[in-house]
Each structure stands twice: as structure tokens, then as C-alpha cells.
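Asks: 3D model of this:
(one chain, ligands or ions: 1)
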Amino acid sequence: MSDTTTIRWEQDQDGVVTLVLDDPTQSVNTMNEAFTADFEAVVGRLAALAAADELRGVVITSAKKTFFAGGDLRMLSAAGPGDAAAVFEKSMRIKRALRTLETLGKPVVAALNGSALGGGLELALACHHRIAVDTPASRIGFPEVTLGLLPGGGGVVRTVRLFGITDALLKFLLQGQQYRPAQALEHGLVHELVDTAEESTARAKAWIEANPTAVQPYDVKGHRIPGGTPATPAFAANLPAFPANLRKQLNGAPYPAPRNILAAAVEGSQVDVDTAMVIEARYFTELACGQTSKNMIQALLFDMQAVNSGAGRPKDVEKRLVRKVAVLGAGMMGAGIAYACAKAGIDVVLKDVTVEAAERGKAYSAGLLDKAVARGRSTEAKRDALLARITPTAEAADLADCDAVIEAVFENTELKHKVFQEIEGVVAPDALLCSNTSTLPIGLLAEGVRRTADFIGLHFFSPVDKMRLVEIIRGPQTGDEALARAFDLVRQIDRTPIVVNDSRGFFTSRVIGQFINEGVAMVGEGVHPASVEQAAGQAGYPAKVLSLMDELTLTLPRKIRDEHRRSVEAAGGTWTPHPADAVVDRMVDEFGRPGRSGGAGFYEYGEDGRRGRLWPGLVEHFSGPDAGAGTDAGADTGAARAEVPFEDLKERMLFSEALDSVRCLEEGVLTSVADANVGSILGIGFPAWTGGVFQYINGYEGGPAGFAARARELAATYGERFAPPALLERIAAEGRTFTD
Ligand code: NAI
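Replies: Residues are numbered from 1 along each chain as shown. Modelled structure (predicted):
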């Protein structure tokens, strides 16, 4: 027997065949066309050997770092509605081959040398026995749903039959969990754990020896799906709750994948395996040919890879790791940044005005780690090692030889200048100097340091331990070396860096401000506030817009707005107010409701600070007879009070952010579409189904031209802020997308 291109065939004297997956064209194995054809051929040969009784068993493993990476997403992301037949057939080819493999009548063992995700796990589940090598980087699971897809190689059919509908949905399919090998063992995805690849193949052969005629549990006569099916009365009684729970979780946002997964699981459970495979393939095809999966694959896979691999990093600067970082300010952000750095193995000196304050900052890490240990996600030893890397202090002298500084003191220019003056002479003479400011211009802050070329913005998001994004802000004087080093530091602490140029609010804070303003403006138009919140949820935003505004407090954006207005007017420019401004002013000045921290905002808050209902006064004062009293609220929106179509509410939120992103690109604040797509999803909650701010425009019905036409409509009804910027008009006219 000879090898195929992507699969090596090794046959031993006992008649055991080992298939070594090793696609020479890529660093990982995927279900591309070459693999599919090879796999069909190999399975055909195995079947012939089995029929001739010359096969003892099969071991499947890989020569790559990972076992198998999954589907051919390049192919899928190019598939349009016209490709449905081809996509369906591709799914069926894989299914047929896997089905033949598991019904050979011979034992087949998966020796998972590394991660088995998506198609890799589907391949493994078609084996009778699964052995995983316990490496720290290995992950096992079905991430398809996070890319708007479902496992179309029998993953739904097999998990339902092996684990029951409920567990299959909740543990494996609907959330895209990626398990470490030990967790996969606990959940029954694999049967054994070993330490090395050699051990895994040896164990595989031993298992084959002991199980000469392996059959899948669901191919044994009388097999019942654990936990029941719609045909089982107890299960059937609970069934109506499934779609209801799903809707609740999704908040009405347009994610088709969970719905199709649920349907494939439930419908497939009522028929035989082969029919269930066809049902799964149909639901898979619908997702693969639809727009949402394309959007999600573009942003969360292709753009994410581009961003993380350093598309925005100056190329000719040598990579250098940070050994010891000074974190200035041990408040909410400083404490989180210290944790993230120490977790990555970097020594941290955490400085605040008193040792007690610095120690409180360190205690934050201890709290997170204690929780992780209690949940079995970390060990005492790891916890102690991480904490030993954080040194709390109030003395500048303790920062000697730190090779990077991250400042996170109060948001105040003079204070920030002062703390940098205190430490610049103490840290390493070429230390990277970063500020975590969320609003202050980097150029302005750089005036407080001597080495302005080494000064840069490093904008973390809260809570730092959960948020993957860091926005790197290049000031007018920041050098290439500092930019590259900042980029490397962000990667070193396992975060995703986007790079933007200095400007008011940078990219993320500026663009999310448009979303909030738009929601607030709707209140001023007399739209019921509950509808405003519902629109944000149904558009797919993780946070409701008015509740978000309350969290930020109404006074903070107002202060920033007023400063901005003064600077525009001082420069002789004309300030265009946003319709939201008047609402915010009335809320603060007339009604004394500055947001959550002030105990009252768009929502009511209990004594304990817990959020209650939307403030009934909103309806009374903004849509009742005295709406707009004393102000010109709503006067320039042109919208009929309370008669705004619900679809418009959702689109106004999405459009306001996408259009401002185009302006950011036009103005050079953004230099990369990929950065914006990734940053908008990871940093500011732009709905993932869109693929991010620019992919939303690319994927809008009619592409950028369709988007521009709709923007003009919105501008005619709601105001000039929706008018398409020149760059959008140009791209639309050229028939391109922002990604071409
Ligand atoms: P915070 O108020 O929780 O912490 C500030 C800390 O700085 C306090 O512990 C304070 O004692 C300390 N501090 C003050 N003067 C100091 C000095 N001279 N030397 C050393 N430490 C000093 O503030 P938070 O929320 O952590 O914010 C810090 C910075 O991060 C601000 O610039 C803020 O704009 C920015 N930021 C905040 C985000 C948030 O969500 N809170 C998100 C992103 C950035």
C-alpha cells in the first residue's frame, strides 16, 4: 500500500494500519479537497483489507503539532448560495467515509497527539477508542458555533448518540467549548490520557489487541440515546423549553447556528444514523452558504490571524521579551494588568502611593487565583509562583532595571506627567514607557517624559483578566522600536493587539460613543426606552445601550464632550451637537440622574446599588406632552416621535459605529480594516455575527453600495451623521469591499 499526499500509510506485521495525517501544504491538517479525496481512498483500501480479513485494526494520528485543525474554512468562506449542492456533497463525502471507517468491523483508535478541534474531533468520534496526549496546548472540542457553523462531519449525530441530546448541546455544541485533555476525559470525549505520542500509539495497539471486533455503541442493536428523544414522554415534555431557552440566551440576536444545531440534534435523534447524517448536512449547508458564517470566519479567524501575527508591527525591529515590568497605580486596571503580566511569567513591581494600596492590588491576583484553584483550573504551586512574581511597593527605587512601564494612575494629565517624572530616571535607561489612559491624547502625555520616542498608549479593557484586546496607540512622536516592543509585550501576555494612531478617544472609545449616543438620542425622540434596550439586544450587542450609559455615568462623557466642544471652537471650528446631548443634559441638570454611581440614571437603583427597572420618568418626560421642554431635544432629528420603525432602531446603532469607523480609517486613526473588525468585536461589543464594523459593511445586502444607499436613507430621516463618508462612497462606486 502506498501513501497518499496528505495521509501516510504504515502497516505493521500484525496487520495494524497506522494512518499518519500530514498535509505537506500546510502547518496543520484540515479537511481540504486533497485530504477528503485521500481519506476516501484510504478508507476504501481499509475496507478491502477488512473484507479480505487482512486487517487487525487502525490507528489514526498526525505528524503535525496538532492532530487535526478542522474544516476547510477558506473553501467554506468562499461558498455562496449557489454552492449549496457542492457544500452538501462535500459534507456527505466526509460522512460516508467516516461511516465506512466505523463500520469496518475492525477496531479503529484515534491517537490524539495534539489539539482535535471541529473536524478533528469528528474524525476522532468516528473511532471506537480515543487516546489523548496530555499536552498543555491541546484543546478538544467543537468551536464551529463560534464561527456561525455546526460540525458537518457527523459531529452532531455522534455526540447526540453518545452523550444524549441535552449534554451534546450544552457541553459540546452550543457554546463551542474547547476542553483541555483532562477535561475531555472527564466529559467522555476521550477514553485515555497518556504523556507522549509514542505511548499513545503503543496504547492504541494494545487496545486493538484487546478489542478485535469493535462496534460503535449506537450500532449495537437496541441502543438508546441517553436521556431520551422526543419519542420519550419525559423528554418530550421538556422539549418546548429548548428553543425558548435558546432565544433567551441569544436575546433575539440573529445567530442562525445555534438554531440549526438544535434542529439537527432533535430531528436527527428521531431517525436512523444515516438519515440523521443527511439532516445534519442540510443544516450545515444552510449555515455554510449564509452570510453570518462568512462574517464570523473573516473576523474571528482570518482577521484575528492577521492581527496577532503582526501585520501592524514594524518588521525591522528585533523581537525582545520583557523581563520585568513596572505597573504604576494598583487600582482596578493596574491590579488587572499586574495579574496578566505575572501570569505570562513577567516579574512585576506594582507601585501605588502607599504599600497598603499596592498590596490591595496584589490581593486582586490572589483572589483570582484562589478561585481558579478552587475550580480545579490551577494549582497551589502555580498560584504561589505567580504571586511571588508580583512585588508591591510605594518606593520608586524598587523599579530599578524594569524594562517596561505601564502607567494606570487616575485619569489626570498632571498626575500622569508627575509619576513618569518620578520613575523615568530609575527604570532601565531604554525602558518602554506605556500609559493605559482611556481618553487623554498620547501626544499630550508624552510631554511629561524625556524619551518621547519610547512613549506609547497601551489601552487595556476592563476586566483585564477576561478581555483579550489591547489597543496600542501610537503618538505623533512614538518610534517604530517602541511600537514593535509594545506589540511584542501585548503578545507576550497573550492578548490581541490592534494598532491605532493618536486621536480623541482613539478608535474604541470614540466608536462605542456613537452607539451610546444613538441609543440616548432615541429616548429624546420619544421612543420607548424598553424598545431602545430591546433593539440593542436584538441587534446582538452584549450590553443594553442605556444600561451601558448608566455604568459609564452620564457626567463623564458630558465632560469629555464639553472639552471637545471647547477645543473645536477655540480652533475656530463649528461644533455640531448630537441629538443625545440634550437628553444627557436634561437627565443630569433637570432630573439629577447622572448614572449608576450617582444612584439614579436611565434606570432606578436599589440601596445596594442593584439595577432596578427603567426610570418611568423617561416615558413621561421624553415622549409625554412635555417632551423636549426647555430644550430643542429631538428638534433636528426629523423623526416622527415614537414612530421609529424597530428595524431602524437596530440599524441606527450598528450604522452609527460602522460609519464612524469609516471616518476613523479616512482620518488615519485606523490603518487596518482587520484591526477594526477584531477590535470592535473584542473590545466594544460590536455584535460578532456582523464580523466587525467593516465586515458588516462588506456583508450588508448589496455590499458597500447597498450599505451606502441605506446610510443615505437614514441620513434623510435621522440626520446628517448617517451620511456616507467619501471613502465609503468611493469603495461603493468601485464595487469593492473594505477587505479587497
Ligand atoms: P483606579 O482609581 O481604580 O486606580 C488608580 C490607582 O492609581 C489608585 O490605586 C491610586 O491610589 C493610584 N495612584 C494615584 N496616584 C498615584 C501615584 N502618584 N503613584 C502611584 N499610584 C497612584 O483607576 P482605574 O480604573 O484603574 O484607571 C486607571 C487608568 O486606567 C486611568 O487612566 C483610566 O482612564 C484608565 N482606564 C480605565 C478603564 C476602566 O474601565 N476603569 C479602562 C481602560 C483604561
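Asks: Chain neighbours aside, what residue packs nearest to the residue of the stretch 551-700 of the chain found nearest the ligand?
Replies: Residue of the stretch 551-700 of the chain nearest the ligand, by CB to the nearest ligand atom: residue 552 (8.9 Å). From N, CA and C alone the C-beta is placed, and that goes for glycine too. Leaving out its chain neighbours, the residue that sits closest to residue 552 by CB to CB, 6 or more residues apart in numbering is residue 595, at 6.8 Å.
Asks: And for the residue in the stretch 201-350 of the chain positioned nearest to the ligand, the neighbour number?
Replies: Residue nearest to the ligand within the stretch 201-350 of the chain: residue 331 (1.7 Å; CB to the nearest ligand atom). When neighbours are counted by other CB atoms under 10 Å, residue 331 registers 15.
Asks: wait, doesn't it sit right on residue 358?
Replies: No - applying CB atoms under 8 Å, one finds residue 331 not in contact with residue 358, separated by 10.4 Å.
Asks: quick one, phi psi at the closest residue to residue 27 other than its chain neighbours?
Replies: Nearest non-adjacent residue to residue 27, counting by CB to CB, 6+ apart: residue 64, 6.8 Å away. Note on residue 64: backbone dihedrals following degrees, to the nearest 10 are phi -90, psi 180.
Asks: how near is residue 404 to residue 609?
Replies: Computed as CB to CB, to the nearest Å, the residue 404 to residue 609 distance reads 36 Å.
Asks: which one of these two has more residues nearby?
Replies: Ranked by neighbour count (other CB under 10 Å), residue 404 and residue 609 place residue 404 first, with 25 against 9.
Asks: Who are the contact partners of the residue of the stretch 201-350 of the chain closest to the ligand?
Replies: The contact partners of residue 331, by CB atoms under 8 Å, 6 or more residues apart in numbering, come to 352, 361, 408, 409, 410.
Asks: Those also near the ligand: which ones?
Replies: The subset of the contacts of residue 331 within reach of the ligand, by CB under 6 Å from any ligand atom, is 352, 408, 409, 410.
Asks: Return the distance of the nearest residue to the last one once chain neighbours are set aside relative to residue 407.
Replies: With CB to CB, 6+ apart as the measure, residue 329 is the residue that lies nearest to residue 410, at 7.5 Å, once sequence neighbours are left out. When CB to CB is the yardstick, residue 329 and residue 407 sit 7 Å from each other.
Asks: who touches the helix or strand in which residue 156 is found?
Replies: Under the criterion of DSSP states H and E, residue 156 resides in helix 155-163. The contact list for helix 155-163 (CB under 8 Å, 6+ apart) reads 118, 121-122, 125-126, 142, 144, 150, 167-168, 171-173, 187-188, 217-218, 223, 225-226, 261, 264-265, 268-269, 273, 276-277, 280.
Asks: Now the buried members of these.
Replies: 118, 121-122, 125-126, 142, 144, 150, 167-168, 171-173, 218, 225, 261, 264-265, 268-269, 273, 276-277, 280 (16 or more other CB atoms under 10 Å).
Asks: Please state the backbone phi and psi of residue 301?
Replies: phi -120, psi -70.
Asks: Contact partners for it?
Replies: Residue 301 neighbours (CB under 8 Å, 6+ apart): 73, 147.
Asks: Could you rerun that using 10 Å?
Replies: 73, 74, 77, 143, 146, 147 (CB atoms under 10 Å, 6 or more residues apart in numbering).
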